[in-house]
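In: Prediction below, plus the sequence it came from.
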Amino acid sequence: MSKTKIIVFTSVFVLSILAGVFLFQNRSTLSMGDTVEVDWKLLGELDYITGQAPSELQALDGQEVRIPGFMVPLEDDMKSVTEFLLVPSPQACIHVPPPPPNQMVLVEMDGTENTKVEFGPIWIYGKLQLHSKRHQYGESSFVMKGRHIEPYR
């Protein structure tokens, strides 16, 4: 193999690695079009006692995001909901004690149609607000105006 081919191959390889590191070093806010993907690690960085949030989380206040999680219906109708809690794991049930407020998102679905109850992992899309809100199961550090739900894949 000639020196030129080796230099070109090595350069492409190094640039590919650097691009991968740059793109995925901050994966918790990787943009998905106009929607930002948010993970539970970032949400957990909110100090729910003082209300202090890191700048990365503060920047998401009022933004369109998508968050993975599990639905905990707040209504008795097990077929559809207009409001539910999104929690990071299926074990985060709302019994004593409930998850900490920074591990619950109160989702209020936008629109007049009820949303189908999902029992597996989901993605919820909507506008995130860093705003504490009390509900029948305690307090959530986040409120989301949900606009779309899809199965987690």
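Out: Great, that's in hand. Because the structure is predicted, anything quoted here is derived from the model rather than measured. Numbers count the residues shown, from 1 in each chain.

In: Only C-alpha atoms from now on, for both contacts and neighbour counts.
Out: Fine.

In: Which strand residues bridge the spatially most central residue of the chain?
Out: Nearest to the mean C-alpha position of the chain, by CA atoms, centre = their mean, lies I67 at 2.2 Å. In this entry, I67 is beta-bridged to I124, by DSSP bridges.

In: What separation do you get for it and Q136?
Out: Distance of I67 to Q136, given as CA to CA, to the nearest Å: 22 Å.

In: what lines up beside the helix or strand that E108 is a member of in the sheet?
Out: Take DSSP states H and E as the rule and E108 turns out to sit in strand 105-109. Here strand 105-109 is paired, per DSSP bridges, with strand 83-87 (antiparallel), strand 142-151 (parallel).

In: most packed of those strands?
Out: strand 83-87 (a mean of 24; mean count of other CA atoms under 10 Å).

In: Could I get the buried residue list for stretch 64-83?
Out: Using 16 or more other CA atoms under 10 Å as the test for burial, stretch 64-83 gives 64-74, 81-83.

In: and of those, the nearest to Y152?
Out: P68 (6.9 Å; CA to CA).

In: now the closest residue to the closest one other than its chain neighbours: how far from Y48?
Out: Nearest residue to P68, sequence neighbours excluded (CA to CA, 6 or more residues apart in numbering): W123, at 4.4 Å. Distance, W123 to Y48, by CA to CA: 24 Å.

In: Please enumerate the strands of the chain.
Out: 31-32, 35-37, 64-73, 80-81, 83-87, 105-109, 115-116, 122-129, 133-135, 138-140, 142-151 (DSSP state E).

In: No further questions, thank you.
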